[in-house]
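Engineer: how would this look folded up:
(chains A, B, C and D)
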Number of protein chains: 4
Amino acid sequence: MKNKETAILRIHCPDQRGIVARVTEFIYQNNGNIVALDQYTNTAEKRFFMRVEWELENFLLERNDIAAVFGPLLGKPLEMVWDLKFSDNVPKMAIFVSQSSHCLYDLLARYKAGEWKVKIPVIISNHNNLEEVAAQFNIPFFHIPINKDNKKEQEQKELEILNKHQIDFIVLARYMQILSADFVKNYPNRIINIHHSFLPAFAGAKPYHAAHSRGVKIIGATSHYVTSDLDAGPIIEQDVIRISHHDTVESLIQKGKDIEKIVLSRAVKAHLERKTLVYKNKTIVFE
Amino acid sequence: MKNKETAILRIHCPDQRGIVARVTEFIYQNNGNIVALDQYTNTAEKRFFMRVEWELENFLLERNDIAAVFGPLLGKPLEMVWDLKFSDNVPKMAIFVSQSSHCLYDLLARYKAGEWKVKIPVIISNHNNLEEVAAQFNIPFFHIPINKDNKKEQEQKELEILNKHQIDFIVLARYMQILSADFVKNYPNRIINIHHSFLPAFAGAKPYHAAHSRGVKIIGATSHYVTSDLDAGPIIEQDVIRISHHDTVESLIQKGKDIEKIVLSRAVKAHLERKTLVYKNKTIVFE
Amino acid sequence: MKNKETAILRIHCPDQRGIVARVTEFIYQNNGNIVALDQYTNTAEKRFFMRVEWELENFLLERNDIAAVFGPLLGKPLEMVWDLKFSDNVPKMAIFVSQSSHCLYDLLARYKAGEWKVKIPVIISNHNNLEEVAAQFNIPFFHIPINKDNKKEQEQKELEILNKHQIDFIVLARYMQILSADFVKNYPNRIINIHHSFLPAFAGAKPYHAAHSRGVKIIGATSHYVTSDLDAGPIIEQDVIRISHHDTVESLIQKGKDIEKIVLSRAVKAHLERKTLVYKNKTIVFE
Amino acid sequence: MKNKETAILRIHCPDQRGIVARVTEFIYQNNGNIVALDQYTNTAEKRFFMRVEWELENFLLERNDIAAVFGPLLGKPLEMVWDLKFSDNVPKMAIFVSQSSHCLYDLLARYKAGEWKVKIPVIISNHNNLEEVAAQFNIPFFHIPINKDNKKEQEQKELEILNKHQIDFIVLARYMQILSADFVKNYPNRIINIHHSFLPAFAGAKPYHAAHSRGVKIIGATSHYVTSDLDAGPIIEQDVIRISHHDTVESLIQKGKDIEKIVLSRAVKAHLERKTLVYKNKTIVFE
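Structural biologist: As a prediction, this is how the structure comes out:
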């Protein structure tokens, strides 16, 4: 039963009376059975957010007609920013890595086990030492070294590969390069990074060194959508672990890997299930 | 703005198409502005749960008429179990204690600081050593010692006090007596207990001794509604802390106090804000 | 047995072979029974840290002679920074507050319940609204309002009160004033603050507003020793709680109170039990 | 510097004055440089526990002579249970699996990345569907199906494989078979299991179903040494995650995988670094 195909509608718009009533009435009138509904009103911003998912079986509108009906009926009159997805649409995800394998293995192990509805057509790296991991999972690997002189053309090469494979979104699984603003604008809110600190603490390079130096008692990891502003994009997920004075920079790096991979995977899962909505540099993550 | 009075409707009923649409339509048609809506469908049980809160200002129905309209219109046809509360109704809470003061102080400090919308007309104990704490906060204290011979009549005395003060719900703030089934049935899902373990592990007496003996690496506390089945009622909230081999039974008792009081307070807060719904010995706690 | 009086020796010194052997030999030769020993070597700094606690009963040296023997024998030759305390010495703690009562109640409830070996001779505030709380617990309360014009003389007044009551250390239980460097130097590593963020994120004023604005998914609290550098002193303890997009600044403030009081209390407990050692702006907290 | 070879001595014995002094004196006299020392006294049991690690470089005793000197000098007189290991001894670990790959991938990814000092000569399973994973990492895989009729002989076959590969310890990475007491006694405190619940809650089969049925708000995972008593061996590590009424049995199983693999890996790491000591069905885990 849980494998029935569903439509997923994500909305945000100016708040006003009756939005839930009108959207759910639309689904009800077309004989849709809602399986999940989350809404949230930001009263300070007077903004309404909603995610609603309903079964396509017996729905009176053809799936290709839903948007064409919903837009004029509700989307436009209520000034909605909205999108509509279908659960059987399997997104294509590219993974960017550098030299650390922990996040990559975690993603690929889930992929291989069929944990997620996703395709991974390509892995891209500025180093070649994880080519072997890509080979273990039979995924095409592209080694695209980047330095400050060749960045523009190398990113162009990456974009071509991504386009060729019709990539929907990118996961930076400890990719130790800063993407240019030009690159980022091709995938707005569709590049997910894992930063190895509890942002906004210790943004930038070498966060474990900085955490050790400051003497914190807890370290964290943060997954966020990438914007042109380094480590400042909308946060999707964070988690922490307790450390002590016994920890060295090396043991922080080691312990941190466990939360990095878990936090990144939770963020990717939320994105894949279309549970995220970005507004004004914050991410609403529906349950 | 956040102090505007609201109506809070809690519902559960057999799942079917259109429940959200019909309930929100009812509110919308009467000019209600929804400030919070949470719904959840238990697909295995085919049961629908919902909590919706809307502003009373400009609502077209008088607050005393809402139930009379809603019941025949939706409650009965959709076979709902439902209740309706108003945010300006301040519940009356009785606290039962024995000899430990940590939960009591935590509750009273919040009460005194105005953190919660609640009245505390009475504290009842089977010991007299916390009378002084009650006096610090000017709350009437009743010392009602209980043993196996006088339990029936002493519980009767307690019920009289509770009735006299029109108590809505009871918080057992480390009350080390087992309430009789006869007593409990007067306050169904309206007695909140804190048990000093991560239930269902270590139910019953001396959970910290049992945890120490088993050598667990984490201890917990559980707040639940009291049923006639000891420590087996619907769980509202749980939390844990990490311990180590260094901990003795005494240090577990000490450390445990901090999670006991926090977990109990979170449960009381959820109850006060009418965010809980009990069904088949489980508690749905809306965000 | 656990109430036997003990001596507590805290040491740090340049690392070299044989320190543990020589210190424990000193205790053993004098017939001391060690009940706790923690040591830690910072290999990067080549610095050795140790806390050792032994029973005074049957110890061959009089307690007043221990320091006089230990200093020339080991302290000086090994270039130790060290201190010696006795478990029956009950420290005197002053509490500074402003307008929020949650940390104050938490501290006083523990005090009243005899949870800690401490005396609280005085509460000082720049506001008078918590005078009533002090009165509930019969603790002298001094209202010392501070503004930028009278800061120097008012801090002088505070120091006189502290001296008169022979205060050993100060707890800033949400005291919303910045202490001058002149004031701080009177109590080096003996002023404990609670900051309502996960430092170093959101140092300074209004951290919950900043956390809300940044859209973090977790908030924290940090207890640290106060230095002349605002919110940058050596961290003693931190903890966090998970939040969501539903949280407003107000709900963050409310939820944050629970971790603030718990984190502050853990830090005070570690300090009281002489389990902290400060070196180069970091705090070693022995288990 | 951190790669200097070390000796690791683990001890427990009846508590008495002078143990630390005598052990550290032994190391000091032989010119050993202690890099880690942890001790713990269980006062209720009057039992002393210690782990001490020192550099072998410049140590005056040959590594093969240390035990021969230490035993008569201290081990026997102080009635110690003790063992001595060297950091350059790389243990051989066998992994047992059934059908779930998450723990296996997590272990193998760490192995491949060189995170641990360990060899993995063999993977054994009662099913064949993870043979492919073993092949990805070039590790011999043995498919040994077990049913109630062939258990004795199949376990015999397993023991032969383990012996042939000189296996030091076994990790049950979600191996869904109960090992016989006869099998277990070959590897006392050297078989590490991961149980998918917060033990002692939900021991036995289908813990996520039981957790869902009870309506807990937190689920956990427990890693322990295997004894002949099912799910009742000495606990090494536990951790938990928060869940909600939204979770189904399926989502609990999914979320649980993340803590299972992390908890199991932490336990394996502690075992590999010789940081565990088992006494009376509890595990001391030194930092």
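Engineer: Which parts of the stretch 151-287 of chain A are strands?
Structural biologist: Counting by DSSP state E, counting those that start in this stretch, one finds strands in the stretch 151-287 of chain A at the ranges A:169-172, A:191-195, A:218-225, A:235-242, A:276-279, A:282-285.
Engineer: Looking at those strands, which is nearest to D:Gly220?
Structural biologist: Judged by Cβ to Cβ, the one of those that comes nearest to D:Gly220 is strand A:235-242, at 15.7 Å. Yep, even glycine has a C-beta here, placed from its N, CA and C like the rest.
Engineer: Just put the strands of the stretch 151-287 of chain A in JSON lines and tack on mean pLDDT and distance to A:Pro121.
Structural biologist: Listed next are the strands of the stretch 151-287 of chain A as JSON lines, based on pLDDT from 0 to 100; distance: least, Cβ to Cβ, whole Å:
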{"stretch": "strand A:169-172", "mean pLDDT": "98", "distance to A:Pro121": "12"}
{"stretch": "strand A:191-195", "mean pLDDT": "98", "distance to A:Pro121": "16"}
{"stretch": "strand A:218-225", "mean pLDDT": "98", "distance to A:Pro121": "21"}
{"stretch": "strand A:235-242", "mean pLDDT": "98", "distance to A:Pro121": "23"}
{"stretch": "strand A:276-279", "mean pLDDT": "98", "distance to A:Pro121": "22"}
{"stretch": "strand A:282-285", "mean pLDDT": "98", "distance to A:Pro121": "26"}
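Engineer: Columns distance to A:Asp258 on top of the ones you listed, output as JSON lines?
Structural biologist: Formatted as JSON lines, these follow (distance: least, Cβ to Cβ, whole Å):
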{"stretch": "strand A:169-172", "distance to A:Asp258": "18"}
{"stretch": "strand A:191-195", "distance to A:Asp258": "12"}
{"stretch": "strand A:218-225", "distance to A:Asp258": "9"}
{"stretch": "strand A:235-242", "distance to A:Asp258": "7"}
{"stretch": "strand A:276-279", "distance to A:Asp258": "23"}
{"stretch": "strand A:282-285", "distance to A:Asp258": "21"}
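Engineer: Would you format the ones you listed as TSV with distance to A:Asn58 and mean neighbour count included?
Structural biologist: Shown next, in TSV, are those (distance: least, Cβ to Cβ, whole Å; neighbours: other Cβ atoms under 10 Å in any protein chain shown):
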stretch	distance to A:Asn58	mean neighbour count
strand A:169-172	31	23
strand A:191-195	35	25
strand A:218-225	36	26
strand A:235-242	34	22
strand A:276-279	28	20
strand A:282-285	30	22
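Engineer: Quick one: closest of those to D:His246.
Structural biologist: Across these, closest to D:His246 is strand A:282-285 (Cβ to Cβ), at 13.1 Å.
Engineer: which residues sit against that closest one?
Structural biologist: A:40, A:49, A:224-225, A:234-237, A:270, A:275-278, C:215, C:217, C:244-245 (Cβ atoms under 8 Å, 6 or more residues apart in numbering or on different chains).
Engineer: in stretch A:4-24, what's buried?
Structural biologist: Going by neighbour count (16 or more other Cβ atoms under 10 Å in any protein chain shown), the buried part of stretch A:4-24 is A:6-13, A:15, A:17-24.
Engineer: and the end-to-end length of that stretch?
Structural biologist: 19 Å (Cα to Cα, to the nearest Å).
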